[in-house]
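# what's the 3D shape of this:
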Amino acid sequence: MKNTLIILAIILVFIVLYFLQVNFFNWFNISGIQPNLYVILILFLGLFAGKRVGIPMGIFLGICLDFFTSKKIGISGIMLGAIGAMGGILDKNFSKDSRITIILMTIVATATFEIGSYILNAIIVSINVEIIPFIKILCIEILYNVILTIILYPLLQKVGYYIEESFRGSKILTRYF
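Alright, predicted model coming up:
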């Protein structure tokens, strides 16, 4: 029951992030480029809840995002699912308590999402590949996501540890029990 409520809360947060992305960040953009709040959300889900939650939530929320914003359904679902898997893998190898590590994870996740989406769009939609404008967009979006991660990190960490405790529980086994 507790996990179901957390998943419903995550879906509610996704809806709030969607309206922030569509309305608020249209006014506060850098050179017409907005942050990608969904990458941050799915990365933190993968980090704190693990791959078992990060991958399905990434796929589901990515398909919902494609349904609302894109002509091709599935590209964001694939890439956000990959980000959820990446978060689960990075959790095993790195600390979630270090801000520098979280910043590096955000950089890698944003770059992975954007490069993967660009490649999939180039293959499926047959768009013209323009490297220099893409690199400019990628750098600004990474910078924007890193700034938002730094600002939101204390809140994300507290909520993340609550989610981690709920989904993973205490994995410590004592000798006598």
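# List phi and psi for Asn29.
Note on Asn29: its backbone torsions stand at phi -120, psi 160 [degrees, to the nearest 10].
# same question for the longest helix that the chain contains, mean pLDDT?
For the chain, the helix with the greatest residue count under DSSP state H is helix 131-168. For helix 131-168, mean pLDDT rounds to 90.
# Which parts of it count as buried, going by neighbours?
Burial within helix 131-168, assessed by neighbour count using 16 or more other Cβ atoms under 10 Å, is assigned to 137-138, 140-142, 144-146, 148-149, 153, 156-157, 159-160, 163-164, 167. In short, each C-beta sits where N, CA and C put it, glycine included.
# Work out the gap between stretch 79-90 and the centre of the chain.
Computed by Cα atoms, centre = their mean, to the nearest Å, the separation of stretch 79-90 from the middle of its chain amounts to 8 Å.
# Let me know the helix or strand that the most centrally placed residue in the chain is in.
In the chain, the C-alpha nearest the mean C-alpha coordinate belongs to Val39, at 2.3 Å (Cα atoms, centre = their mean). Secondary structure from DSSP states H and E places Val39 in helix 37-49.
# following that helix, which helix or strand comes up?
Next helix or strand after helix 37-49 toward the C-terminus (DSSP H and E): helix 51-69.
# confidence score at the residue nearest to the centre of the chain?
Listed pLDDT for Val39 reads 94.
# And it, how close does it get to Val22?
Noted for Val39: a distance of 16 Å to Val22, by Cβ to Cβ, to the nearest Å.
# do the same with Val108
For Val108, the distance to Val22 - Cβ to Cβ - is 26 Å.
# out of those two, which sits in the busier spot?
Comparing Val108 with Val22 by neighbour count (other Cβ atoms under 10 Å), the higher total belongs to Val108, at 15 against 12.
# That one is in contact with Met86, isn't it?
Yes: here Val108 reaches Met86: they are 7.3 Å apart, a contact under Cβ atoms under 8 Å.
# For Gly50, what are phi and psi?
Backbone torsions for Gly50, taken as degrees, to the nearest 10, come to phi 100, psi 170.
# Run a quick neighbour tally on it.
By other Cβ under 10 Å, neighbour count at Gly50 equals 21.
# which of the residues in the strand or helix carrying Ala82 are buried?
For Ala82, the host element (DSSP H and E) is helix 75-93. By neighbour count with 16+ other Cβ under 10 Å, helix 75-93 contains the buried residues 75-88, 90-91.
# farthest-separated two in these?
Greatest spacing in those, by Cβ to Cβ: Ile75 and Asp91 (25.0 Å).
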